[in-house]
Every structure is written in C-alpha cells, then in structure tokens.
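**Q** Pasting the sequence and the predicted coordinates here, then a few questions.
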Amino acid sequence: MHGRIRTWGPGALVLLPTVLLLGYFVYGLIAWSFNTSLTDRHTARKGPADYVGFENYVNLFGEERFLNSLKNLGVLTVAFIVGTLIFGVLWALLLEKGVPGESIFRSVFLFPMAISMIASGVVWAWLLNPSQGEDARGLNRLFETLHLGFLENPWWTAGNRWTTMASIALPAVWQLSGYIMALFLAGFRGIPGELREAARVDGASEFKLYRHVLFPQLSPIALSALIILGHMSLKLFDLIYAITGPNQFRTEVPAVYMWNTLLRSDQAKAAAIAIVMLAVVAVLVIPYVAYTVRQEAEE
Amino acid sequence: MSAADATGSAAAAIRRTPKSRGLIGDGSTRTSRTVRYVFLLLFLLFVLTPVYVVVITSFKTSADTTAAAQWSLPETWTLEPWRKAWEVLQPYMIRSLSLAIPAAIISSLIGSANGFVLARWRFPGANLVFAFILFGMFIPYQAVMLPLRTTFTELDVTRGVPTLLIAHVIYGIPICTLIFRNYYATVVPTEIIESARVDGAGLVQTYARIILPISISGFVVTLIWQFTSVWNDFLFALFLTQQNNGPVTLGLAALSGGQKVDYAASMAGALITSFPTLLVYIVLGRWFIGGLMAGALKG
C-alpha cells in the first residue's frame, strides 16, 4: 500500500492546488451565488439577509421583462445557430475537395474569430445604422450605392422579435461561421478516401455520396457544433453591449439583464438570473462533459 | 468527435488537402469547380466588407465621414484618428499586455503539469478529477461574478490588473489542462513513462527530462489561446475593473461610447486593439486553430 501511494501520491499532489482553487472559485462561488439568490438581498448592503426560498425565481418567471429576455435569447440562439451552420457547412463543402489558394480562403473565413466581440461590436454597431434612403449609413448606405435599396432595413431598432434578434445574430454569424467551417473541414478530411472511392465505383452520384456516405460520418461533429454554438449564444453579452448598449429592452437577453440588475444593486435578483443561465448551460453541457470524459476513459 | 479529442488531430486534418483521389477522380467537372470558385470569392467579399470600411474610415477626416461618402475612399488621407485613438488607448494597451502575457504563461504552466498527471501519471479517481476540472470551462461567469468581486474585496486585492490576472489564471486552468492532457495522451507513449519509472525516476524528474522538452507545441497552443481570450475578454473587465485600471476592451468601449462618437477614431481604435491578436493569428495561425478546437466551449 505504501508503495502504491508513493507511485501515485505525487500526481495527486500536483493536482491538489487546482482542485482547491476550482473548488472555491467555481463550485464554492456558484454555491454562494445560489445562496444569495435565495435571500432578500435586494440592495448593495452587506449585513445579514433573510431567506425567502425560491421567491426570486418565482418572481423572475412571472415578470414580463425576464420572459422577454428569455424569448429574445431563444430567437437569437436559433438565428445564430442556423446562420452559422449554413455558412460554415457551405464553406467547408466548397473547400473540402481542395481549391487553389485554399489556405487564403480558410484564413480569411476564420480571422474574425481572433477579434474581440467588443471590437467587432463597435464596427457592427456602425454598420447596422438604421437610417435609410438619403441619410442611409453603414450597410444601408452600401445597399443604396449598389441600387439594392429594397434590402435597406432598420435592423434591430424596429420590427418584430425575429428581425430584431436576427440583426444581432448577423455579426455573431460573421464572427463564428469560420469556426464551424474549420470543424467540418476537419471532419470531411478525416473521412478515409476509400469510402468515397467505393461509393463512386458503385456509381453513386455526388449528391448521394454526400447524403448517404459523408454526412452520416459527420453527425458527431454536427452535435459538437450544435452544443458549442448553443452554449456561445447563451453567453453572448459583449456584442449586444457594444451594438445596442446595455439598456435596450428590444435586444435584452438574460446576460444583459443580469448586468442591468446588478447596476441597480439588486444582488439577489442578479444572482437568480445568473443561476438560471447556469442551469440552462448545465442542461446542455453536463451530458456532453460526461460523454467526453467517459470516451477518454475508454481510450 | 468531442471538443476534447479535436484539439490535435482536427487541426492537422484541416490542412491535409486531399492530393490524389485515385483513378476515379474527385467527381467534379470544370464547370462545378468554376462555380465553387465564384461562390468562394463572393463569400470572401462578404467577410472582408466590414474590414474595408473600417480601414478606409480610420484614415478619414471628420469632415469626410458624411453618410454619402461612407463607402468611398478618403478625400484626404489623415493619421489623425489613429493618433487620437492611440492617445486614449495607450494606457489600456499597456495594462492589457501586462495582464495577458503573464496570465497566459502561468495558466499554461499549471495546465501542463495537470495535463501530464491526468494523461500519464494517473492516480485513483483521476477521471473524476478531470470531470471536476472540465466543468469549470463551461460555466457562464455571471454565476460566479458577484461573490468573486466580494472575495477580491475581502482579500484586499488591488482592483485592475491584479484582480483580472488572478481571475484569468484560475478560470483558464480547465482549458489549459484539457489541451495538455490530450496533447500528452497523443504524443507521449506510455512505455517511455513506464521505463522511466522502472529506472526509478520520480514524477518531477520524468516531467523535467521527458515531458517538458516535447511540450513546445502544446505550450504554443495554450499560450495563444489564453493570450487571445484574456486580451479579448470584456465580461471580467466590466465586472472587476474601471476605466482608470481596466484593459483594452474597456478602453475601446469608452472610446466608442458616449453621445458624440468620433467614428474615424473608433474604427482606428478597433483596429489598434485587434492588432496584437490579429498578429498572433497571422503569424501562428495553424496553432491558433488547435486552441479553437478545444477552447470553443470556454466562457
């Protein structure tokens, strides 16, 4: 026994600081937030607070503004995922057989990911200027110049929830489609060439080749992409902050609402919103982490 | 495929352009190749459009930024917006550099040690510890932000670079651990470790003599990933710092916010703040993708 501990003991010791740090800064602080969300700490004051059970959560889900932010998030997530998948998969399909200058296309499609969402938000805030016609600015001005006036629109500043949140999703799609391209490109290139050849020898058309041979191979990647994108969308904050400012009911999502609540020093409510966000992410991610770890363990 | 095992293999797979497809050919005609190319060029334009307008605007005089002239080249080229933006952003840039570089180095070192143990010096329950660490990667930081602020206040940590440094190092550990764990699991044969153990080498010796010398690729990936995500972070910056001690994302938000925005200067500012990460992306692009594959689920 003593010998065994001598063997693995040092390893456990290396991980101890990490476990302690994350134990406090991840799990401990989440527990602290959750605890705050169960109290009536609606001010910045320190002293003791009373427990009110799940009252803050009940209030949140009965509140027009929070429900609005959840609906906005839902629509944003759909628009973002659909847009990014369309562009990302399309680019991967266009590139996967190899074209001259492929590395240039790849680099350009991917580069927006290197930029902060604040920098791209500053730029897109200006591109998505709502003025139209003579005064048109940003993209609307480009449409005006190209005689594509019918494309001009007020972006996120007017219209229904779908057009509003789709306008917010547009910059995010611009920024992250390249990432999905990279994922799928790696997927296509990972499929053994023999599979394609066998299908072609059997006389399968290109369409059938993709439909029945290649795409089924990529379903694990598609699942990863969905989880990654869904999870990014839930956390989207910087971009909305930069494009519309934090105080827009029209584009408010829970992450932004949490910030606004905190500005008014309502700690209990802000914590409750944060815990709801965590719960949504956890539902998406815990099965994924469990799957990943189990898969690695089998290796 | 999981985000985890995508790290190394996917980044390599993307670059593996299929050279020969055997006798059957790649199933595409000259027409289809031309059509593909036309589409790729159109998408290239779509991605680069914001870049064009940002660059030209950053060289315009304020008289030149009228709505009608927005997409035209500057009447007179001026460096004034760049000078103005630099004047505002310079102190932020210095703070961001003194934050991002040490944060990247420290979390990479911790990640490397953790990754080695989890991959090749395992102890009972290592998988559980791995899952425990991994979950920290996915949480929305809102869920820890409030108590984190309180913790820093109670520990009397100076607001600004020190608070951000601690936060980024701690919350960067999971992703760095994951990247290194997968890296070592791929490149370090178990037999080498076994024979080192038989020769009586302990953990530290094995790590220093065998592991560290072959860790360069892993370090490049985590350093780039951490540097980029710390540089681009806005959420921690907003919650934990203020204008007089915050990083560059906060500076850009200040430069581009307010009532009377100088568009030329904001665009120059967006370019200035993006320059370090873009440089990293251009020079070390192929390593950048490796980090993307593993890191997309973080924060």
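**A** Perfect, thanks for sending it.

**Q** contacts and neighbour counts: CA atoms only from here.
**A** Fine.

**Q** Please identify the nearest residue in space to A:Leu127, excluding sequence neighbours.
**A** If you skip the residues right next to it in sequence, A:Leu127 has A:Gly138 as its closest partner in space, 4.0 Å away by Cα to Cα, 6 or more residues apart in numbering or on different chains.

**Q** quick one, what contacts the one you found?
**A** Counting by Cα atoms under 8 Å, 6 or more residues apart in numbering or on different chains, A:Gly138 makes contact with A:126-129, B:67, B:70.

**Q** Could you export those as CSV, including distance to B:Pro162?
**A** Listed next are the contacts of A:Gly138 as CSV, based on distance: Cα to Cα, whole Å:
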residue, distance to B:Pro162
A:Trp126, 34
A:Leu127, 36
A:Leu128, 37
A:Asn129, 38
B:Ala67, 43
B:Gln70, 41
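
**Q** Narrow the residues you listed to those that are buried.
**A** Burial by neighbour count, judged by 16 or more other Cα atoms under 10 Å in any protein chain shown, picks out A:126-129, B:70 from those.

**Q** Please identify which pair of those lies farthest apart.
**A** By the measure Cα to Cα, A:Leu128 and B:Gln70 form the most distant pair in these, at 13.1 Å.

**Q** Relative to B:Phe138, how far out is the most centrally placed residue in chain A?
**A** Relative to the mean C-alpha position of chain A, the nearest C-alpha, by Cα atoms, centre = their mean, is the one of A:Met232, at 1.5 Å. Counting by Cα to Cα, to the nearest Å, the gap from A:Met232 to B:Phe138 is 10 Å.

**Q** and if you look at A:Leu214?
**A** 30 Å.

**Q** coming back round to it: next one, pLDDT for the residue nearest to the centre of chain A please.
**A** A:Met232 is assigned a pLDDT of 90 by the prediction.

**Q** which SSE is it in?
**A** Using DSSP states H and E, A:Met232 falls within helix A:219-235.

**Q** And that helix, how far out from the chain middle?
**A** Centroid separation between helix A:219-235 and its chain, computed with Cα atoms, centre = their mean, to the nearest Å, is 8 Å.

**Q** try stretch B:239-251
**A** With Cα atoms, centre = their mean as the basis, the mean position of stretch B:239-251 lies at 19 Å from the chain mean.

**Q** about what we covered before: ok, the helix holding A:Met232 near chain B or not?
**A** Yes. Part of helix A:219-235 sits near chain B under the criterion Cα under 8 Å from any Cα of the partner chain, namely A:220-221, A:224, A:228, A:231-232, A:235.

**Q** Could you turn the buried ones of these into a PyMOL selection?
**A** A single PyMOL command selects the buried members of these (16+ other Cα under 10 Å):
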select buried, chain A and resi 221+224+228+231+232+235
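
**Q** Quick check: the closest residue in space to A:Leu67 that isn't next to it in sequence vs chain B, distance?
**A** Nearest non-adjacent residue to A:Leu67, counting by Cα to Cα, 6+ apart: A:Phe61, 6.5 Å away. Relative to chain B, A:Phe61 is positioned 18 Å away (criterion: Cα to the nearest Cα, to the nearest Å).

**Q** Compare neighbour counts for A:Leu214 and B:Phe138 and give me the winner.
**A** When A:Leu214 and B:Phe138 are compared for neighbours, B:Phe138 comes out ahead with 25 against 17, by other Cα atoms under 10 Å in any protein chain shown.

**Q** Now that one: which helix or strand?
**A** Counting by DSSP H and E, no helix or strand carries B:Phe138.

**Q** How about the contacts made by residue 104?
**A** This is for chain A. Applying Cα under 8 Å, 6+ apart, no residues contact A:Ile104.

**Q** hmm, I had chain B in mind actually
**A** B:169, B:222-224, B:226-227, B:230.

**Q** Report the rounded mean pLDDT for the helix or strand that contains it.
**A** Element membership for B:Ala104, per DSSP H and E: helix B:80-120. Across helix B:80-120, the average pLDDT comes to 96.

**Q** Off-centre distance for it?
**A** That offset, for helix B:80-120, works out to 10 Å (Cα atoms, centre = their mean).

**Q** Can you check the pLDDT for residue 251?
**A** I went with chain A, as the question did not name one. 95.

**Q** nope, chain B
**A** Confidence per residue is given as pLDDT, and for B:Gly251 that number is 95.

**Q** Give me the contact status of whatever helix or strand it lives in with chain A.
**A** When secondary structure is defined using DSSP H and E, the element that contains B:Gly251 is helix B:248-256. Yes. If you take Cα under 8 Å from any Cα as the test, helix B:248-256 does meet chain A, through B:249, B:252-253, B:256.

**Q** Next to chain A, which bits of the stretch 51-200 of chain B? Give me the list.
**A** Near chain A, the residues belonging to the stretch 51-200 of chain B are B:54, B:67-68, B:70-71, B:113-114, B:117, B:121-124, B:127, B:129-136, B:138-140, B:142-144, B:146-148, B:170-171, B:173 when assessed by Cα under 8 Å from any Cα.

**Q** of these, buried ones?
**A** So, by 16+ other Cα under 10 Å, the buried ones in these are B:54, B:68, B:70-71, B:113-114, B:117, B:121-123, B:127, B:129-136, B:138-140, B:142-144, B:146-148, B:170-171, B:173.

**Q** Of all pairs in the contacts of B:Ala104, which one spans the longest distance?
**A** The span of the contacts of B:Ala104, defined through Cα to Cα, is set by B:Val169 and B:Ile224 at 13.9 Å.

**Q** So if I had to pick from the two, which one is more boxed in?
**A** B:Ile224 (26 against 22).

**Q** correct me, but the more buried one touches B:Phe288?
**A** Yes. Under the contact definition of Cα atoms under 8 Å, B:Ile224 touches B:Phe288, with a separation of 6.4 Å.

**Q** Tell me how many other residues surround residue 260.
**A** You didn't say which chain, so I picked chain A. With neighbours defined by other Cα under 10 Å, the count for A:Asn260 comes to 16.

**Q** ah, no, chain B please
**A** A count of neighbours around B:Lys260, defined by other Cα under 10 Å, yields 7.

**Q** same question, the one 10 residues further on
**A** Other residues near B:Ala270 number 29, with proximity taken as other Cα under 10 Å.
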